[in-house]
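Colleague: Turn this into a model:
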Amino acid sequence: MHSLLIVDDEAQLVRNIANYFESFQNKYRIFTAYSGEEALDLLRREPVDLVLTDFRLPGIDGIEVLRQATDVRPGIRVIVMTAFSSPELRRLSTQAGAVKFLPKPIDLSELRKMVQAVLEESAGWSGHMDGLDIFDLANLLIFSGKSKHVSVSLGSEKGELVFKNGQLIYANTDDLAGDEAFFRMTLWRGGKFNELPPQSEEDYPTNIFMSTTHLLMEAARRRDELNRDQAEEPVLRPQDEELDLAPPTEKIKVDSIVESYPERSEAMAGLKSMLEEMITIEGIRTAVLVGRDGFVIEGVSRDGRLNTEDVGAVISTGIGSSEVIGKELLVGVLNQGMFEYTGGVIVMVLVGPDAVLSIVADASCNLGNIRYQLKKRVPQLEAAI
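Modeller: Numbering: from 1, shown residues only. Model (predicted):
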């Protein structure tokens, strides 16, 4: 037996809907409320499978009922009904967690079909992102290659993400849309998420046109930038005041930097030399060292086909997705990842906390030897960077 909560300030309409569903004996258990506050109080006391609520209510409105209902009972299904339909209201309702939107006047037979469809649908997934955030969630959904519609929130901030075949095509917050909305959400720490039923493309037209790979790379860059800004600010020492600092507008030549830090130039040359040694190993044709922000530190390729920008973005995204999967499946911290394709093998190894080594090898390579060589050489790379 499913339990339904009907919320509306029109007492006659509430009675009509309640009597209609109660006429199907042993099918539904009906609860009623005539205000948002009464509905929320009832939700705290009674197990409810689905809420049918009007948008306009005395006290708190239907949208606020929606938001608080999903807090009280994560994953609860909510249908919003109203005589004042508009695209903006539909957007707000869905963003707050509504699964369906029903215009008044109500056709009771159509309402029951909708209720049955919602109750029979998979409840999807929802929860809190303890230890994870929206950037991790997006990586996981992109890696899955599936189509999903997700509402996310952190405190009073709300947002929506729509994925189509593993590509992020729509993002929206209260005040932003498109890629900027996604970038805003990836800066949230933690939060809550709720899977929503698929929506029509008319209601959620594509507003993200950047490739998903570059979108994630830019999001990672902004997150790193925020982390640097939030790091401990330098303390001004008395002797610093006597330093003769160059004017902010003065440009420093690149050559002078290299001359000032010859050890950095030598270190980069050493990294390249190590990677060049790797591609002499039988079967290995490409070796790339990438920072966790997606930027290539150094890379070499035996066949010369190496698009560093694309390689860096793909490796950064791939390793991030793999780490999220490990967390979700409770198998610990990622050390190494291997992917076998019809035309070759890709091995990714963490090099310290800030870099990833990616090896592209022939399909016929000796994987045992490659793993042995990586185990021997990765500590050398880590020491060099």
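Colleague: what's near enough to touch Gly36?
Modeller: If a contact means C-beta atoms under 8 Å, 6 or more residues apart in numbering, then Gly36 has 7, 53, 57-62, 64-65 as its contacts. Glycine gets a C-beta too; all of them are placed from N, C-alpha and C.
Colleague: switch to 6 Å and redo it
Modeller: Neighbouring residues of Gly36 by C-beta atoms under 6 Å, 6 or more residues apart in numbering: 57, 59-60, 65.
Colleague: tell me which of the residues you listed is nearest to Met114?
Modeller: Val65 (18.3 Å; C-beta to C-beta).
Colleague: domain parsing for the chain?
Modeller: 2-120, 126-222, 254-384 (automatic domain parsing).
Colleague: need those domains in CSV with distance to Arg228 and mean pLDDT, can you?
Modeller: Listed next are the domains of the chain as CSV, based on distance: least, C-beta to C-beta, whole Å; pLDDT from 0 to 100:
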stretch, distance to Arg228, mean pLDDT
domain 2-120, 31, 85
domain 126-222, 11, 81
domain 254-384, 11, 77
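Colleague: Among the contacts of Gly36, give me the pair with the biggest separation.
Modeller: Pairwise distances across those (C-beta to C-beta) peak at 9.5 Å, for the pair Gly59 and Val65.
Colleague: So which of these two has more stuff around it?
Modeller: Higher neighbour count among Gly59 and Val65: Val65, with 29 against 13, using other C-beta atoms under 10 Å.
Colleague: Correct me if wrong: the more buried one contacts Thr53.
Modeller: Yes - judged on C-beta atoms under 6 Å, Val65 makes contact with Thr53 at a distance of 5.4 Å.
Colleague: Contacts only, for Ser3.
Modeller: Ser3 makes contact with 29, 48-49, according to C-beta under 6 Å, 6+ apart.
Colleague: Quickly find the element holding it.
Modeller: Secondary structure here is read from DSSP states H and E; on that basis Ser3 sits in strand 2-7.
Colleague: Please export the C-alpha coordinates of that strand as CSV.
Modeller: Below are the C-alpha coordinates for strand 2-7, written out as CSV (Å, rounded to 0.1, in the frame of the first residue of the first chain):
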residue,chain,number,x,y,z
HIS,A,2,1.4,3.4,-1.0
SER,A,3,0.9,6.5,1.2
LEU,A,4,-0.1,9.8,-0.3
LEU,A,5,-0.1,13.3,1.2
ILE,A,6,-2.5,15.8,-0.4
VAL,A,7,-1.7,19.5,0.4
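Colleague: strand partners of it, parallel vs antiparallel please.
Modeller: strand 28-33 (parallel), strand 50-54 (parallel) (DSSP bridges).
Colleague: buried ones in it?
Modeller: 2, 4-7 (16 or more other C-beta atoms under 10 Å).
Colleague: Distance from the chain centre to that strand, please.
Modeller: Offset of strand 2-7 from its chain centre (C-alpha atoms, centre = their mean, to the nearest Å): 32 Å.
Colleague: Tell me the buried residues in the following helix or strand past it?
Modeller: As assigned by DSSP H and E, the chain's next helix or strand after strand 2-7 is helix 11-22. Buried residues in helix 11-22, counting neighbours by 16+ other C-beta under 10 Å, are found at 13-14, 17-18, 20-21.
Colleague: Likewise for stretch 285-302?
Modeller: Buried, per 16+ other C-beta under 10 Å, within stretch 285-302: 285-301.
Colleague: Once you drop chain neighbours, what's closest to Tyr341?
Modeller: Ala363 (7.5 Å; C-beta to C-beta, 6 or more residues apart in numbering).
Colleague: Repeat that for Ile346.
Modeller: That would be Phe339: by C-beta to C-beta, 6+ apart, it lies 4.7 Å from Ile346.
Colleague: Mind listing the strands the one helix or strand the one you found maps to pairs with, and their directions?
Modeller: Applying DSSP H and E as the criterion places Phe339 in strand 336-341. Paired neighbours of strand 336-341 in the sheet (DSSP bridges): strand 344-351 (antiparallel).
Colleague: Downstream of the partner strand, the next helix or strand is which one?
Modeller: Assignment by DSSP H and E places the next element after strand 344-351 at strand 355-361.
Colleague: hang on, the earlier thing: tell me how many other residues crowd the residue nearest to Ile346.
Modeller: Residues lying near Phe339 (other C-beta under 10 Å) number 11.
Colleague: quick one: it and Ile325, what's the gap?
Modeller: 13 Å (C-beta to C-beta, to the nearest Å).
Colleague: same check, this time on Val99
Modeller: Applying C-beta to C-beta to Val99 and Ile325 gives a distance of 28 Å.
Colleague: So between the two, which is more surrounded?
Modeller: Neighbour count, other C-beta under 10 Å: between Val99 and Ile325, Val99 has more, with 24 against 16.
Colleague: doesn't Glu298 make contact with Lys272?
Modeller: Yes - Lys272 is within contact range of Glu298, at 5.2 Å (criterion: C-beta under 6 Å).
Colleague: Okay, His149 and Ile385: tell me how far apart.
Modeller: His149 is 41 Å from Ile385, by C-beta to C-beta.
Colleague: returning to that earlier point: among the contacts of Ser3, find the one with the greatest number of neighbours, please.
Modeller: With neighbours taken as other C-beta under 10 Å, the top of those is Val48, carrying 21 neighbours.
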